[in-house]
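Chemist: Build me a structure from this.
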Amino acid sequence: QVHIVESGGGVMMPGESLRLSCQVFGVTLENAAIGWFRQAPGKKRLPVVCISSKNSTQFFGGSLKDRTTVSRDNVQSAIYLQIDSLTYEDTALYYCAIDPFQPIRKPCAVPSFPSWGQGTQVTVSA
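Modeler: You can find the predicted model right below:
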């Protein structure tokens, strides 16, 4: 059974960088598609970045995409998300999601990922 644990959230100041980790248990990442999503209070869960099973990366979010770095470590079954130059608008619950076997790329959207973590809260506050 797939189990996902996100970590690295907290309270951060505007302008700082955050680095979130996603540890995946119960499945290897070699053929997996991976997504980072975020959900701000009262809003939909939206994609931040998706990585296909062939390691093609798709970023979202206007200025967000210019501040985002993502990496995966298939050996450690971990995925990392870094967002630089945080703004108040980055405050959200951040989720990691995977589809363990996705040989053909699907849209980077919530329905494309069957397995989700509980999320880690990021609050940007002065």
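Chemist: Relative to A126, how far out is the residue nearest in space to the middle of the chain?
Modeler: For the chain, the residue nearest the mean C-alpha position is W36 (1.9 Å; CA atoms, centre = their mean). The gap separating W36 from A126 is 25 Å, by CB to CB, to the nearest Å. Where C-beta positions appear, they are placed from N, C-alpha and C, glycine not excepted.
Chemist: go on, P111?
Modeler: 36 Å.
Chemist: What of N31?
Modeler: From N31 to A126 the distance is 43 Å (CB to CB).
Chemist: next one: G117
Modeler: 28 Å.
Chemist: The two: which is more packed in?
Modeler: Each of G117 and A126 has its neighbours counted (other CB atoms under 10 Å); G117 has more, 20 against 6.
Chemist: what about the helices in the chain?
Modeler: 63-66 (DSSP state H).
Chemist: And the strands in it, which stretches?
Modeler: Using DSSP state E, the strands found in the chain span residues 3-7, 10-12, 18-25, 33-39, 45-51, 57-59, 68-73, 78-83, 92-99, 115-116, 120-124.
Chemist: rank these by pLDDT, which is bottom?
Modeler: Note on the strands of the chain: strand 57-59 shows the lowest mean pLDDT, a mean of 90.
Chemist: Need the contact partners of that one.
Modeler: P47, V48, V49, C50, I51, S52, K65, T68, V70, C108 (CB atoms under 8 Å, 6 or more residues apart in numbering).
Chemist: try 7 Å this time
Modeler: Contact with strand 57-59 is made by V49, C50, I51, K65, T68, V70, C108, as judged by CB atoms under 7 Å, 6 or more residues apart in numbering.
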